[in-house]
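# structural data only, the sequence is not supplied:
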């Protein structure tokens, strides 16, 4: 099983739609979890950390399910500007080598 | 907003040549990282640096690679003898704490010909 797995997509959704991405991880000792956004040929930018209790930032909601070893990102009311690749990042416990998923591509169309 | 600065933005080099990629992390950050991303592939961890020494490195970071913090602001990645497969985007990142998210620089696109 790969360390961090994401559905590559693309997810093709109309403006205003709600879309959700999942990311599974294999190391049960993982400590920290993040979602990044990467635009084409640009650097990844931190979107949000993912906390055990779940957290929300505007239209974005992140959830962590330790029992099933996955994290999720929900985007409500999608905007054209949300079109990007969304990267899941997991920091394992005991070692600080963070692992990136391959990313999920989102295309929001008018 | 503080940012991580990388130079050059694009470097073309001949196979076998040495290259040095430069980064200026955010000034109050303590942890520094190099990542690379081959076109169309995922972001791969190379090395992390804390307290003036390497704290973790991946299998990619072999003897051809080295990092240095020559002064209080710069953080460099050296590739001694470049190979064609070293062609990639190299990102520097920094963070206040290893459990926080990172701030990435805009990257150096390295092309080995």
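Right, received. Where do you want to start? The shown structure was predicted, so the numbers you read here are calculated from the model rather than taken from an experiment.

# need the residues of chain B near chain A, please.
Within chain B, the positions adjacent to chain A are B:35, B:41-45, B:48, B:55-56, B:58, B:89, B:91, B:98-107 by Cβ under 8 Å from any Cβ of the partner chain. Using the backbone N, CA and C atoms, a C-beta is placed for each residue, glycine as well.

# now those residues: which count as buried?
B:35, B:42-45, B:48, B:55-56, B:58, B:89, B:91, B:98, B:101-107 (16 or more other Cβ atoms under 10 Å in any protein chain shown).

# strands - which of those residues land there?
Judged by DSSP state E, those include B:35, B:43, B:44, B:45, B:48, B:55, B:56, B:89, B:91, B:103, B:104 as members of strands.

# would you list these in JSON lines and tack on pLDDT?
Below are those laid out as JSON lines (pLDDT from 0 to 100):
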{"residue": "B:35", "pLDDT": "97"}
{"residue": "B:43", "pLDDT": "95"}
{"residue": "B:44", "pLDDT": "94"}
{"residue": "B:45", "pLDDT": "93"}
{"residue": "B:48", "pLDDT": "92"}
{"residue": "B:55", "pLDDT": "90"}
{"residue": "B:56", "pLDDT": "90"}
{"residue": "B:89", "pLDDT": "98"}
{"residue": "B:91", "pLDDT": "98"}
{"residue": "B:103", "pLDDT": "94"}
{"residue": "B:104", "pLDDT": "96"}
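
# of those residues, which pair is most distant in space?
The span of those, defined through Cβ to Cβ, is set by B:55 and B:89 at 22.9 Å.

# centroid residue for chain B?
residue B:34 (3.2 Å; Cα atoms, centre = their mean).

# residues in contact with stretch A:10-21: which ones?
By Cβ atoms under 8 Å, 6 or more residues apart in numbering or on different chains, the list of residues contacting stretch A:10-21 from outside reads A:6-7, A:72-80, A:86, A:88, A:104-110.

# for the chain, which spans come out with low pLDDT?
With no chain named, the answer covers chain A. Low-confidence segments of chain A, defined by pLDDT under 70, span residues A:1-2, A:93-96.

# please go with chain B instead
Applying pLDDT under 70 to chain B picks out no residues at all.
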